[in-house]
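> structural data only, the sequence is not supplied:
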């Protein structure tokens, strides 16, 4: 009997695997198998350059082979993790997933944003005199500040994994993220979407400040080159939710995934 696919959940820039805890609980309660790693430079993962979508995808592919062998998988990634999911969908790092999905991938970048990235990536970690300051900074970096309270149970594990005392500065705190990860930059959608070897679906939150439905029209030319990516110009919109839809309402995200090609056996 063929093994059911593993559901791979990939977090965004500044976050860690625990932003997917709500989805993981729902899936595991239903008997599913979930793999949600910390991507390099985040959470408990090592700080290791280069910070590229390809290197991150290679890490995930290697871990999947080690943990699950040739077992098939479906992958969904949030923000930066969405680009890593698309890299995995290319098949460049091993067998492609049976389905790929993204949530909240930023598609438009200003010249100012791009120009500031090298400087931001070169800065040392920001230090704080107390844990509360580091927690607020973690919430800002992960897009959760002002959306969910720091003491909200939904993000308790993410906050715990997201901040740490600084070993070089006793009594001071920082986030667990390597600032150099900012240098990963914007995803090359013109290369990723044409390379996809499985159906790709994309979604955004209605109130996501980083991406809007009309931004997806920018993908029309590259989507036309690959039937697997034909629907990415019309993203699913999670009404009433923001950038971290999977944290705000994990059941809504699970329900959406259940409608996608390749995810039926997972969900």
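That came in fine, so what should we check first? These numbers come from a predicted model, not from an experiment. Numbering: from 1, shown residues only.
> and the longest helix for this structure?
The helix that spans the most residues within the chain, counting by DSSP state H, is helix 53-68.
> tell me the angle the helix or strand that that helix is followed by makes with helix 53-68.
Proceeding N to C from helix 53-68, the next assigned helix or strand is strand 73-78, under DSSP states H and E. Angle of strand 73-78 versus helix 53-68, following axes from the mean of the first three to the mean of the last three CA atoms, to 10 degrees, is 140 degrees.
> in the stretch 151-267 of the chain, which spans are strands?
For the stretch 151-267 of the chain, the strands defined by DSSP state E, counting those that start in this stretch occupy 163-165, 173-175, 200-205, 236-238.
> and the third one, what other elements does it pack with?
Right, strand 200-205. Using 3 or more CB pairs under 8 Å, 6 or more residues apart in numbering; DSSP states H and E, the elements in contact with strand 200-205 are helix 80-89, strand 99-103, strand 236-238, helix 245-248. Bear in mind the C-beta positions are built from the backbone N, C-alpha and C, glycine included.
> low-confidence ranges, the protein, go.
The model of the chain has pLDDT under 70 over residues 1-2.
> quick one: the helices in it?
Assignment of helices within the chain using DSSP H yields the ranges 21-29, 53-68, 80-89, 111-122, 131-141, 156-162, 189-195, 220-223, 245-248, 250-257.
> and those, which is most packed in?
helix 80-89 (a mean of 30; mean count of other CB atoms under 10 Å).
> now do it: distance to the chain's middle.
8 Å (CA atoms, centre = their mean, to the nearest Å).
> now stretch 128-147
On CA atoms, centre = their mean, the centre of stretch 128-147 falls 18 Å from the chain's centre.
> stretch 34-53 now?
With CA atoms, centre = their mean as the basis, stretch 34-53 stands 11 Å off its chain's centre.
> and it, what's buried?
Using 16 or more other CB atoms under 10 Å as the test for burial, stretch 34-53 gives 34-43, 45, 51-53.
> compute the first-to-last residue distance for stretch 238-248.
For stretch 238-248, the first-to-last residue distance is 10 Å (CA to CA, to the nearest Å).
> circling back: who does the longest helix of the chain touch, helix- and strand-wise?
strand 6-10, strand 34-35, helix 80-89.
> got CSV for these, with distance to residue 133 too?
Converted to CSV, the helices and strands packed on helix 53-68 look like this (distance: least, CB to CB, whole Å):
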stretch, distance to residue 133
strand 6-10, 28
strand 34-35, 32
helix 80-89, 24
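> which stretch among the helices and strands packed on strand 200-205 comes nearest residue 261?
Checking these against residue 261 by CB to CB gives strand 99-103 as the closest, at 5.6 Å.
> now do that closest one and helix 80-89, the angle between them.
Calculated by the same axes, to 10 degrees, strand 99-103 forms an angle of 160 degrees with helix 80-89.
> so what touches strand 99-103?
74-79, 81-83, 85-86, 88-89, 196, 198-205, 245-246, 253, 257, 260-263, 266 (CB atoms under 8 Å, 6 or more residues apart in numbering).
> parallel or antiparallel, which strands does that strand pair with?
Strand 99-103 has the following strand partners under DSSP bridges: strand 73-78 (parallel), strand 200-205 (parallel).
> picking that back up, out of the helices of the chain, nearest to residue 231?
Smallest distance to residue 231 across those (CB to CB): 7.8 Å, for helix 220-223.
> got TSV for the helices of the chain, with distance to residue 101 too?
Shown next, in TSV, are the helices of the chain (distance: least, CB to CB, whole Å):
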stretch	distance to residue 101
helix 21-29	12
helix 53-68	15
helix 80-89	7
helix 111-122	25
helix 131-141	23
helix 156-162	21
helix 189-195	13
helix 220-223	15
helix 245-248	11
helix 250-257	6
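> and those: which comes nearest residue 15?
Here helix 156-162 is closest among the helices of the chain (CB to CB), at 6.7 Å.
> for that closest one, packing partners?
helix 131-141.
> which elements pack onto the helix it packs on?
Helix 131-141 sits against helix 156-162, strand 163-165, strand 173-175, with contacts defined as 3+ CB pairs under 8 Å, 6+ apart.
> just put the ones you listed in CSV and tack on distance to residue 70.
Rendered in CSV, the data for the helices and strands packed on helix 131-141 read as follows (distance: least, CB to CB, whole Å):
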stretch, distance to residue 70
helix 156-162, 30
strand 163-165, 36
strand 173-175, 36
